[in-house]
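**Q** with the sequence up front, the predicted model follows.
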Amino acid sequence: MRQGCIISLPVIVVLSAICFIYYSTVFIFIDGWLGLSTSSGVLNVFILTATVCMCVFNYAAAIMKDPGTVPPNFMPDIEDAETPMHEIKRKGGELRYCQKCSLFKPPRAHHCRVCKRCILRMDHHCIWINNCVGHDNYKVFFVFVAYAVISSIHSLVLLVGSVTHDAQKDEQHNEGSINTTYIISGVLLVPLTVALSVLLGWHIYLILNNKTTIEYHEGVRAMWLAEKVGNVYRHPYDIGPYENVTLVLGPSIFTWICPTSRHIGSGLRFRTAYDRINSIST
């Protein structure tokens with residue numbers, strides 16, 4: 001469990017937006033268009049409630065779960081035959097060492113200036129969860145985004161359907177307040193749905209290639225330097241799309257949308273393309 005403050009203004013904003021969208025979708029869009037007593041209305045309420053609950057649960061887990069801290073006694077073993085690759089500094093060629101934490105950095109670990117510590121397999125620091133996204137909470141963060149996209153698209157469809165239905169009516173009750181809710185919901189839902197969909201697509205790309213956001217930007221530079229001398233750069237942790245997905249989401253497809261993370265390991269060592277080559281050759 002994460003230590004320290006977990007509530008911040010961005011977190012309150014996110015929770016407030018979720019509550020407003022859920023309330024307006026159920027009690028205005030669904031009730032005004034389909035009706036809460038109809039089978040289609042009940043079905044939509046059930047589906048939306050389920051996805052929103054999963055969204056909130058994973059959001060809370062992403063906030064409260066520690067992203068992964070480097071053990072104080074960590075020491076890279078350069079003679080370990082099972083670790084064929086050690087990350088080194090760009091300049092000097094030494095093993096990566098954090099001067100601020102006074103610790104060696106495991107592969108894929110980086111120091112977060114906000115959290116003031118090194119994070120295992122750090123992806124980025126997210127102000128919307130007031131936490132780093134790292135090795136231990138990356139899956140719940142990804143699943144939260146996935147459920148948020150599903151919920152926002154569902155709500156947006158119901159908003160459009162409700163507006164179209166009301167436009168066809170000859171008379172509308174509480175027209176002013178309802179129209180205001182439609183406008184606020186539309187202004188909130190459209191950019192939110194687009195932004196979340198882009199974010200989800202970005203992290204699907206990262207998962208398929210077994211990269212973090214930091215590694216992607218580092219890889220762009222590494223690729224440029226490799227091409228400059230006539231070499232071909234390949235991300236060392238890319239072991240194939242399916243294997244990459246199972247490393248993050250789990251070995252069973254039935255657990256991919258569930259907040260389980262027992263499969264992820266310690267975060268101190270990761271399978272690499274070299275491991276795969278060695279296993280094939282043997």
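**A** Everything's here; your move.
**Q** which residue ranges of the stretch 101-250 of the chain form helices?
**A** Ranges of helices in the stretch 101-250 of the chain, per DSSP state H, counting those that start in this stretch, are 138-167, 175-208, 213-228, 241-249.
**Q** weakest of the ones you listed by average pLDDT?
**A** Between the helices of the stretch 101-250 of the chain, the one with the least mean pLDDT is helix 213-228; it has a mean of 80.
**Q** show me what contacts Val145?
**A** Leu196, Leu199, Leu200, His203 (Cβ atoms under 8 Å, 6 or more residues apart in numbering). C-beta here means a position set from N, CA and C on the backbone, and glycine is covered the same way.
**Q** just the buried ones among those residues, please.
**A** Leu196, Leu200, His203 (16 or more other Cβ atoms under 10 Å).
**Q** any idea which of these is closest to Ser8?
**A** Leu196 (19.5 Å; Cβ to Cβ).
**Q** leaving aside the residues next to it on the chain, what's closest to that closest one?
**A** Val149 (4.8 Å; Cβ to Cβ, 6 or more residues apart in numbering).
**Q** roughly how far apart are the one you found and His263?
**A** 24 Å (Cβ to Cβ, to the nearest Å).
**Q** likewise for Met122?
**A** 19 Å.
**Q** those two: who's more crowded?
**A** Met122 (25 against 14; other Cβ atoms under 10 Å).
**Q** wait, the more buried one touches Pro107, no?
**A** No. Distance between Met122 and Pro107: 11.4 Å, which falls outside the contact criterion (Cβ atoms under 8 Å).
**Q** low-confidence stretches in the stretch 1-150 of the chain?
**A** Counting by pLDDT under 70, the ranges of the stretch 1-150 of the chain that qualify are 3, 78-93.
**Q** quick one: the strands in it?
**A** Counting by DSSP state E, counting those that start in this stretch, the stretch 1-150 of the chain has strands at residues 97-98, 103-104, 110-112, 117-119, 124-126, 131-133.
**Q** which residues touch Arg121?
**A** Gly68, Arg108, Ala109, Gly134, His135, Tyr138, Thr212, Gly267, Phe270.
**Q** need the residues you listed in CSV (columns: distance to Leu188 and neighbour count).
**A** Shown next, in CSV, are the contacts of Arg121 (distance: Cβ to Cβ, whole Å; neighbours: other Cβ atoms under 10 Å):
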residue, distance to Leu188, neighbour count
Gly68, 33, 23
Arg108, 36, 25
Ala109, 37, 25
Gly134, 29, 28
His135, 32, 28
Tyr138, 27, 28
Thr212, 30, 22
Gly267, 36, 22
Phe270, 39, 22
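**Q** could the residues you listed go into a markdown table alongside distance to Pro251?
**A** Below are those laid out as a markdown table (distance: Cβ to Cβ, whole Å):
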| residue | distance to Pro251 |
| --- | --- |
| Gly68 | 20 |
| Arg108 | 20 |
| Ala109 | 24 |
| Gly134 | 21 |
| His135 | 17 |
| Tyr138 | 16 |
| Thr212 | 21 |
| Gly267 | 17 |
| Phe270 | 16 |
